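Peer 1: Starting from these lines, generate the structure:
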Amino acid sequence: MFATVDFVEAYMTDYWTNKLVFDLQGPHGKDQWTNHRAEVIARYPVPPKIEQALLNDDIGVLIPVINPYLMRFFLLMLGYDDAKSIEVLESFQTDEERKRVNG
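Peer 2: So this is what the prediction gives:
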(Lines give C-alpha, C1' and ligand atoms only; values in the text may rest on other atoms or scores of the structure.)
Protein backbone atom coordinates (compact mmCIF):
# COMPACT_ATOMS: atom_id res chain seq x y z
CA MET A 1 0.00 0.00 0.00
CA PHE A 2 1.29 3.45 -0.90
CA ALA A 3 0.99 6.69 1.05
CA THR A 4 -1.35 9.31 -0.36
CA VAL A 5 -0.01 12.52 -1.84
CA ASP A 6 -1.63 14.52 0.99
CA PHE A 7 0.09 12.36 3.61
CA VAL A 8 3.47 12.67 1.92
CA GLU A 9 3.07 16.46 1.53
CA ALA A 10 2.08 16.85 5.18
CA TYR A 11 4.95 14.64 6.32
CA MET A 12 7.50 16.52 4.25
CA THR A 13 6.12 19.89 5.42
CA ASP A 14 6.62 18.75 8.99
CA TYR A 15 10.10 17.45 8.20
CA TRP A 16 11.38 20.59 6.48
CA THR A 17 9.79 22.96 8.99
CA ASN A 18 11.33 21.02 11.87
CA LYS A 19 14.67 20.87 10.03
CA LEU A 20 14.61 24.65 9.61
CA VAL A 21 13.98 25.24 13.33
CA PHE A 22 16.50 22.56 14.30
CA ASP A 23 19.18 24.20 12.17
CA LEU A 24 18.57 27.53 13.92
CA GLN A 25 20.05 26.02 17.08
CA GLY A 26 23.53 26.58 15.63
CA PRO A 27 25.83 29.36 16.78
CA HIS A 28 24.49 31.91 14.27
CA GLY A 29 20.85 30.84 14.31
CA LYS A 30 19.43 33.81 16.21
CA ASP A 31 21.30 36.30 14.04
CA GLN A 32 20.28 34.51 10.84
CA TRP A 33 16.63 34.43 11.90
CA THR A 34 16.58 38.02 13.11
CA ASN A 35 18.45 39.59 10.22
CA HIS A 36 18.03 37.21 7.28
CA ARG A 37 14.73 35.43 7.88
CA ALA A 38 13.50 35.31 4.27
CA GLU A 39 16.84 33.93 3.08
CA VAL A 40 16.81 31.26 5.80
CA ILE A 41 13.28 30.18 4.89
CA ALA A 42 14.17 30.06 1.19
CA ARG A 43 16.66 27.26 1.89
CA TYR A 44 13.84 24.89 2.86
CA PRO A 45 11.02 23.61 0.60
CA VAL A 46 8.10 24.66 2.79
CA PRO A 47 4.67 25.50 1.33
CA PRO A 48 3.60 29.16 1.05
CA LYS A 49 1.27 28.89 4.07
CA ILE A 50 4.16 27.79 6.30
CA GLU A 51 6.49 30.36 4.77
CA GLN A 52 4.02 33.14 5.63
CA ALA A 53 3.54 31.74 9.13
CA LEU A 54 7.30 31.76 9.67
CA LEU A 55 7.62 35.30 8.35
CA ASN A 56 4.75 36.50 10.57
CA ASP A 57 5.53 34.44 13.71
CA ASP A 58 2.08 32.83 13.33
CA ILE A 59 2.41 30.29 16.10
CA GLY A 60 -1.13 28.94 15.56
CA VAL A 61 -0.22 27.74 12.06
CA LEU A 62 3.19 26.43 13.13
CA ILE A 63 2.20 24.45 16.25
CA PRO A 64 0.73 21.48 14.35
CA VAL A 65 3.86 21.01 12.23
CA ILE A 66 6.73 21.71 14.65
CA ASN A 67 7.92 19.25 17.27
CA PRO A 68 7.00 20.52 20.78
CA TYR A 69 10.63 20.72 21.92
CA LEU A 70 11.63 22.64 18.81
CA MET A 71 8.59 24.89 19.20
CA ARG A 72 9.68 25.74 22.74
CA PHE A 73 13.15 26.61 21.42
CA PHE A 74 11.58 28.63 18.60
CA LEU A 75 9.52 30.68 21.06
CA LEU A 76 12.57 31.32 23.22
CA MET A 77 14.48 32.39 20.12
CA LEU A 78 11.66 34.81 19.27
CA GLY A 79 12.22 36.48 22.63
CA TYR A 80 9.59 34.81 24.79
CA ASP A 81 10.82 33.96 28.27
CA ASP A 82 10.03 30.56 29.83
CA ALA A 83 6.78 31.65 31.45
CA LYS A 84 5.49 33.39 28.33
CA SER A 85 6.43 30.51 26.02
CA ILE A 86 4.56 28.06 28.27
CA GLU A 87 1.58 30.43 28.35
CA VAL A 88 1.55 30.66 24.55
CA LEU A 89 1.76 26.89 24.13
CA GLU A 90 -0.99 26.30 26.68
CA SER A 91 -3.27 28.79 24.94
CA PHE A 92 -3.44 26.45 21.93
CA GLN A 93 -4.25 23.39 24.01
CA THR A 94 -7.90 22.29 23.90
CA ASP A 95 -9.81 21.34 27.05
CA GLU A 96 -9.77 17.72 25.87
CA GLU A 97 -5.98 17.75 25.47
CA ARG A 98 -5.59 19.43 28.86
CA LYS A 99 -7.67 16.69 30.54
CA ARG A 100 -5.76 13.93 28.72
CA VAL A 101 -2.36 15.34 29.70
CA ASN A 102 -3.14 16.58 33.21
CA GLY A 103 -5.73 14.00 34.25
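
Peer 1: can you give me the strands in the chain?
Peer 2: Under the criterion DSSP state E, the chain carries no strands.

Peer 1: Extract the residue ranges of it that are flagged as low pLDDT.
Peer 2: Filtered on pLDDT under 70, the chain yields the residue ranges 1-13, 101.

Peer 1: Distance check, the residue nearest the centre of the chain against Asp95.
Peer 2: Central residue of the chain (C-alpha atoms, centre = their mean): Ile66, 3.8 Å from the mean position. Per C-beta to C-beta, to the nearest Å, Ile66 is found 22 Å from Asp95. Bear in mind the C-beta positions are built from the backbone N, C-alpha and C, glycine included.

Peer 1: before we move on, what about Ile59?
Peer 2: 19 Å.

Peer 1: Of those two, which one has the most company?
Peer 2: Using other C-beta atoms under 10 Å, the more surrounded residue of Ile59 and Asp95 is Ile59, with 19 against 7.

Peer 1: can you tell me which residues contact the closest residue to that one other than its chain neighbours?
Peer 2: In space, Ile59 comes closest to Val88 once its chain neighbours are excluded; the distance is 6.1 Å by C-beta to C-beta, 6 or more residues apart in numbering. Counting by C-beta atoms under 8 Å, 6 or more residues apart in numbering, Val88 makes contact with 59, 75, 80.

Peer 1: Where do the helices of this structure begin and end?
Peer 2: 5-23, 29-35, 37-42, 48-56, 59-62, 68-77, 82-91, 95-102 (DSSP state H).

Peer 1: Next, the buried residues of the last one.
Peer 2: By 16 or more other C-beta atoms under 10 Å, helix 95-102 has no buried positions at all.

Peer 1: contact partners of it?
Peer 2: 90, 93.

Peer 1: could you check the angle helix 82-91 makes with it?
Peer 2: Put simply, helix 95-102 runs at 120 degrees to helix 82-91, going by axes from the mean of the first three to the mean of the last three C-alpha atoms, to 10 degrees.

Peer 1: same check, this time on the fourth one
Peer 2: Relative orientation of helix 48-56 with respect to helix 82-91: 150 degrees, computed using the same axes, to 10 degrees.
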